[in-house]
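Colleague: could you work out the structure for the sequence below:
(chains A and B)
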Amino acid sequence: MISNPQQLNKPLNDRNLKKSWVPTILIGITVVYLGLVLYIPAANVFYQAFRLGTGAFFENLTKPEFLSAASLTLMLAVIAVPINTVFGLCAAWALTRNRFWGRSFLLSVIDLPFSISPVVAGLMLVLLYGRLGWFGPWLNSNNIQIIFAFPGMLLATLFVSMPFVVREVIPVLEEAGAEQEEAAATLGASEWQTFWRVTLPNIRWGLLYGVLLTNARAMGEFGAVSVVSGNLSQQTQSLPLFVEEAYKQYQTESAYSAAVLLAFLAVLTLVFKEILERKTK
Amino acid sequence: MNSSVSESIRSQSFPLQVWAQLKASSWAWRVTLGYLFLMLILPISAMFAKAATVSPAEFWAIATSPVALSTYDVTFTTSFIAALINGLFGTLIAWTLVRYDFPLKRVVEASVDLPFALPTAVAGLTIATVYSKTGWVGSLVAPFGIQIAFSRLGVGVAMIFISLPFVVRTVQPVLQEINKDIEEAAWCLGASPWQTFWNVIFPPLFPSILTGVALGFSRAVGEYGSTVIVASNTPFKDLITPVLVFQRLEQFDLPGATVIGVVMLMISLVILFSINLLQAWGRRYDQ
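Modeller: Residues are numbered from 1 along each chain as shown, chains lettered A, B, ... in the order given. From the prediction side, this is the model:
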């Protein structure tokens, strides 16, 4: 994959021959910078996890604290991803198929969870559902616990992963246009039929990419979940919380065994992203 | 919506009008607005309502207490520097990815998104190890008396990590769109490569660089997961504002947490608004 002369025009090529050190230096800086910030830390995760051999690694993965954290993280993703997917589809459809006053404002509102600090998001949930929060007395008298329990962690996960599907679906929905849907409706298709047979096939790759990002965030969220979880081992400790707790308790090997699984999830996400991008091109 | 429905809507008072509109709208609208109300409007209202129970004088005292001021300094200054560094290197990386071919380019290109996909706790953990005194990178600078992990520098590295993709991803598409003919025209007219870059390529690129920097800054300001692990969280040294909010909550100081949380939220809203303006400014080059 050395420079492809066909991509460059003749005058450009002459310049490049004279100044051939410029690309080399820029590529060098890119690799060194990404190495320092991304690659060395990423490689370190795998190195630390398998430093003591795969035996120690798998032993760490059979500990009850780890298993319960992993299943909790799976549970959070299994519930949060479908909910945010349905919301994302509805919001994207409503925002693309209608032009109305305040549309761009509503788009910014949907993006808010990206700008709000996860800790502040968690704080909001505490102020709403906590013992001293708005719904606190009512929840208390009905014996429902949300904060420092699974429902709170789920709400936090839903909050931080809310905008992904909307953001990815809006552009593909805009590109697909409304003509095919209108044609289907004219031919007598019901709303459901139109959605399943016309809209969904058109937007499937964008939707899948949004779902992928939602899942990565849902499984990896730390800040917001940590505020509302109470971080009780084997009860309200998700995988990212387990990583931090193990590290703070100087159980570095345990921390890295769990971290490498999350890193693997991240790599998988990026690989799927590449595949999806090629499909859409 | 048929005319008889809109007729009956118009004859009602405003809240009833909104309600009637909602009832007449499609279920996609109802799901969207209902979910946004439950997940966003309600929590934000709860926080402002809680902040309103604090008297203005008390609010000011908490918001500008010495420890809070020092966390603003650490958070915003460090985020700003991290965002600027990524502004420079992000533009350079975008340029390299768009203009040159080199081995493993596809892998490098895909890896730029790693900070979006990697859970922040993992990022914090590995940065704390690599940049510690005994780590792969930390041990190289330790002889010079530079400590990276568990100091403000470490917070900066974590912020650079999590805000890295923004500039690359905002600059790359704009750079791809720039017509090579204009550059060649500049060259033909005798402009030096530097003149071509500064006068031809840079101006349309600048709004997207600024947008990327602002997005990265906004992300770094709110970051908690990676920074809390990398920092020693010592007040007046490397304690960041989100961690302060968390500590106030742990001490059951709800008003204290809320006031600082509201300050952070307001700043996030200002940044979000500025980003929207920047994007609108960037679109002036669209044809």
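Colleague: enumerate the residues of the stretch 51-200 of chain A near chain B.
Modeller: Within the stretch 51-200 of chain A, the positions adjacent to chain B are A:86-87, A:89-91, A:93-95, A:104, A:108-121, A:123-128, A:132-134, A:155, A:158-159, A:162 by CB under 8 Å from any CB of the partner chain. For glycine as for every other residue, the C-beta is placed from the backbone atoms N, C-alpha and C.
Colleague: would you mind listing which of those residues are buried?
Modeller: Judged by neighbour count, with 16 or more other CB atoms under 10 Å in any protein chain shown as the criterion, the buried members of those are A:87, A:89-91, A:93-95, A:109-121, A:123-128, A:133-134, A:155, A:158-159, A:162.
Colleague: quick check on residue A:131: phi, psi?
Modeller: Per-residue torsions, residue A:131: phi -60, psi -40 (degrees, to the nearest 10).
Colleague: so who does it touch?
Modeller: When the contact criterion is CB atoms under 8 Å, 6 or more residues apart in numbering or on different chains, the partners of residue A:131 are A:140, A:147.
Colleague: what's the pLDDT at the residue nearest in space to the middle of chain A?
Modeller: Centroid-nearest residue in chain A, with CA atoms, centre = their mean: residue A:217, separated by 2.8 Å. The pLDDT attached to residue A:217 in the predicted structure is 94.
Colleague: wait, isn't it in contact with residue A:160?
Modeller: Yes: in this structure, residue A:217 is within contact of residue A:160 by CB atoms under 8 Å, at 6.0 Å.
Colleague: ok so, going back, restricted to helices, list the buried ones among the residues of the stretch 51-200 of chain A next to chain B.
Modeller: The helices, defined by DSSP state H, take in A:87, A:89-91, A:93-95, A:109-115, A:118-121, A:123-128, A:155, A:158-159 from those.
Colleague: what sits against residue 243?
Modeller: Unless you meant another one, I'm taking chain A. By CB under 8 Å, 6+ apart, residue A:243 lies in contact with A:255, A:258, A:259, A:262, B:119, B:121, B:122, B:125.
Colleague: oops, chain B please
Modeller: With contacts defined as CB under 8 Å, 6+ apart, the neighbours of residue B:243 are A:119, B:71, B:224, B:227, B:228, B:231, B:233.
Colleague: how about the fifth one, nearest residue that isn't a chain neighbour?
Modeller: What that stands for is residue B:228. residue B:243 (5.4 Å; CB to CB, 6 or more residues apart in numbering or on different chains).
Colleague: wait, what's in contact with residue 79?
Modeller: Picked chain A for this. Counting by CB under 8 Å, 6+ apart, residue A:79 has contacts residue A:154.
Colleague: looking at chain B here, not the other one
Modeller: If a contact means CB under 8 Å, 6+ apart, then residue B:79 has B:159, B:163, B:217, B:220, B:221 as its contacts.
Colleague: give me that answer again for 7 Å
Modeller: Residue B:79 makes contact with B:159, B:217, B:220, B:221 under the criterion CB atoms under 7 Å, 6 or more residues apart in numbering or on different chains.
Colleague: and those, which of them are in helices?
Modeller: Using DSSP H, the members of the contacts of residue B:79 that fall within helices are B:159, B:217, B:220, B:221.
Colleague: specify which member of those residues is nearest to chain A.
Modeller: Nearest to chain A out of the ones in helices among the contacts of residue B:79 is residue B:221 (CB to the nearest CB; 7.1 Å).
Colleague: wait, the closest one sits on residue B:76?
Modeller: Yes: with contacts counted by CB atoms under 7 Å, residue B:221 reaches residue B:76, the gap being 6.5 Å.
Colleague: so which of the two has more stuff around it?
Modeller: Set side by side, residue B:221 and residue B:76 show more neighbours around residue B:221, with 26 against 16, by other CB atoms under 10 Å in any protein chain shown.
Colleague: check contacts around that one.
Modeller: By CB under 7 Å, 6+ apart, the contact set of residue B:221 is B:75, B:76, B:79.
Colleague: now the residues you listed as TSV including distance to residue B:151, pLDDT and secondary structure?
Modeller: Formatted as TSV, the entries for the contacts of residue B:221 read as follows, by distance: CB to CB, whole Å; pLDDT from 0 to 100; DSSP: H, G, I helix; E, B strand; the rest coil:
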residue	distance to residue B:151	pLDDT	secondary structure
B:75	15	96	helix
B:76	17	95	helix
B:79	16	96	helix
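Colleague: ok, the closest residue to chain A within the stretch 1-150 of chain B - how many residues close by?
Modeller: Here the stretch 1-150 of chain B gets closest to chain A at one residue, residue B:119, 2.9 Å apart by CB to the nearest CB. Residue B:119: 28 surrounding residues under other CB under 10 Å.
Colleague: name the nearest residue to it, sequence neighbours excluded.
Modeller: Nearest non-adjacent residue to residue B:119 (CB to CB, 6+ apart): residue A:220, at 2.9 Å.
Colleague: next, count neighbours for the one you found.
Modeller: 30.
Colleague: that one touches residue B:116, doesn't it?
Modeller: No: with contacts defined as CB under 7 Å, residue A:220 does not count as touching residue B:116, sitting 9.8 Å away.
Colleague: what domains does the record give for chain B?
Modeller: Here the domain assignment for chain B is B:3-52, B:56-285, based on automatic domain parsing.
Colleague: out of those domains, which one sits most buried?
Modeller: Mean neighbour count (mean count of other CB atoms under 10 Å in any protein chain shown) peaks for domain B:56-285 among those, with a mean of 20.
Colleague: tell me the contacts of residue B:166?
Modeller: B:212, B:215, B:216, B:219.
Colleague: let me know the helix or strand that residue B:237 is in.
Modeller: Take DSSP states H and E as the rule and residue B:237 turns out to sit in neither a helix nor a strand.
Colleague: distance to residue B:130 and pLDDT added to the contacts of residue B:79, as JSON lines?
Modeller: Rendered in JSON lines, the data for the contacts of residue B:79 read as follows (distance: CB to CB, whole Å; pLDDT from 0 to 100):
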{"residue": "B:159", "distance to residue B:130": "15", "pLDDT": "97"}
{"residue": "B:217", "distance to residue B:130": "24", "pLDDT": "95"}
{"residue": "B:220", "distance to residue B:130": "19", "pLDDT": "95"}
{"residue": "B:221", "distance to residue B:130": "24", "pLDDT": "95"}
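Colleague: could those be laid out in CSV, adding distance to residue A:178?
Modeller: As requested, these are arranged in CSV below (distance: CB to CB, whole Å):
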residue, distance to residue A:178
B:159, 42
B:217, 37
B:220, 39
B:221, 39
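Colleague: tell me if the helix or strand harbouring residue A:275 is near chain B.
Modeller: Residue A:275 is part of helix A:252-280 when elements are defined by DSSP H and E. Yes: using CB under 7 Å from any CB of the partner chain as the criterion, contacts between helix A:252-280 and chain B involve A:255, A:259, A:262, A:263, A:266, A:269, A:270, A:273, A:274.
Colleague: state the distance from the second one to residue A:244.
Modeller: Separation of residue A:259 from residue A:244 (CB to CB, to the nearest Å) stands at 10 Å.
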